[in-house]
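> what's the 3D shape of this:
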Amino acid sequence: MIIDLNPRMRVQRLSIGREGTPLLVIDGPVLEPERLVRKAARSRFTPQGAMFPGIRARAPASYEVFLEKLVRPYLVDFFGLRPGRFAFPMCHYSLVTRPPEQLAFLQRIPHIDSTTRQGLALVHYLFRGPWGGTAFYRHRATGFEYVDVERYEAYFGQLEREAQGPDAPGPGYIGEDTPMFERIGQVEAAFNRIVIYPRNCLHSATIDNRNVPPPDPLAGRLSVNAFIDVLD
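Numbers count the residues shown, from 1 in each chain. Modelled structure (predicted):
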């Protein structure tokens, strides 16, 4: 399927937190987003990977072509990345479905998608229900808002200690501030909205523990989630 850019899309360039994480919010990027929803409804969703709390299906191959056109103009000037070839380690439809009491420790706190400085992550919201957007966090003990290679050992060593301590989170998706993490920014979900951010920043979906979405592309928390690596 051909995915056309909407010439009337609206772009917000944001900077969040003390460390100035660049955050791009684009409203109305796809000209006919309902076609993506119908494609998802015909797809077969399965569990993929240990960390994602739900099910996924491969997004159309043409979505990667669309993303390259969408992101390239912001690569250097906004995200500060060197230009290069695009690679997509992941590009999937996603549905969050796991009950909060079944979450592992690392699913109950913000996460990073990679330590690379040359990678971006993207969420394209394709739902209209009250299923939550995406929030960004600062780790209180270290002050980190992103975790790269240099910070990896210090951050995960501290997490290991905190997982056994009194501030460890109970069952459930993370909400606002917690003893371990401070929320520094949030993007509300809206149908046909895309949010793009560095893959190494601490973030989490904002899921209501009292209202977990159903495993239905037409009624649940349908999104396209993609990782973008920029190669030399």
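
> Identify the residue nearest the geometric centre of the protein.
By CA atoms, centre = their mean, the chain has its centre lying nearest to residue 123, at 5.0 Å.

> just the strands in the protein please.
10-16, 21-27, 54-58, 85-96, 119-125, 134-139, 181-187, 193-198, 203-205, 222-231 (DSSP state E).

> Let me have the ones you listed in TSV, adding mean pLDDT and distance to residue 110 as columns.
From N, CA and C alone the C-beta is placed, and that goes for glycine too. Below are these laid out as TSV (pLDDT from 0 to 100; distance: least, CB to CB, whole Å):
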stretch	mean pLDDT	distance to residue 110
strand 10-16	97	13
strand 21-27	97	12
strand 54-58	97	17
strand 85-96	96	15
strand 119-125	97	13
strand 134-139	98	4
strand 181-187	97	6
strand 193-198	98	12
strand 203-205	97	5
strand 222-231	96	16
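
> Next, format those strands as a markdown table and append distance to residue 145.
What follows is the strands of the chain, written out as a markdown table (distance: least, CB to CB, whole Å):
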| stretch | distance to residue 145 |
| --- | --- |
| strand 10-16 | 8 |
| strand 21-27 | 6 |
| strand 54-58 | 25 |
| strand 85-96 | 23 |
| strand 119-125 | 14 |
| strand 134-139 | 5 |
| strand 181-187 | 6 |
| strand 193-198 | 10 |
| strand 203-205 | 10 |
| strand 222-231 | 19 |
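
> for the protein, what's the longest helix?
When the chain is parsed with DSSP state H, its longest helix is helix 149-162.

> Could you write out the alpha-carbon coordinates of that helix in CSV?
The C-alpha coordinates for helix 149-162 follow below in CSV (Å, rounded to 0.1, in the frame of the first residue of the first chain):
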residue,chain,number,x,y,z
VAL,A,149,27.0,3.6,26.5
GLU,A,150,28.9,5.7,29.0
ARG,A,151,26.0,5.8,31.5
TYR,A,152,24.9,2.1,31.0
GLU,A,153,26.8,0.5,33.9
ALA,A,154,26.1,3.2,36.4
TYR,A,155,22.4,3.3,35.6
PHE,A,156,21.6,-0.4,35.5
GLY,A,157,23.8,-1.0,38.5
GLN,A,158,21.7,1.5,40.5
LEU,A,159,18.5,-0.1,39.1
GLU,A,160,19.6,-3.5,40.4
ARG,A,161,20.1,-2.1,43.9
GLU,A,162,16.8,-0.2,43.8
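
> Give the rounded mean pLDDT of it.
Helix 149-162 shows a mean pLDDT of 97.

> Could I get the buried residue list for it?
By neighbour count on 16 or more other CB atoms under 10 Å, the buried set for helix 149-162 is 151, 155, 158-159, 162.

> just those now: which is nearest residue 204?
Distance to residue 204, by CB to CB, is smallest for residue 159 among the buried residues of helix 149-162, at 14.2 Å.

> which residues touch the closest one?
Residue 159 makes contacts with residue 109, as judged by CB atoms under 8 Å, 6 or more residues apart in numbering.

> and the gap between it and residue 105?
Distance of residue 159 to residue 105, given as CB to CB, to the nearest Å: 9 Å.

> So for residue 128, what's the pLDDT?
On the pLDDT scale, residue 128 gets 95.

> beta partners for the residue nearest to the centre of the chain?
Using DSSP bridges, the beta-bridge partners of residue 123 come out as residue 195, residue 225.

> Residue 64: neighbour count?
16 (other CB atoms under 10 Å).

> surely it meets residue 88?
Yes: at 4.9 Å, residue 64 and residue 88 qualify as touching, with contact defined as CB atoms under 8 Å.
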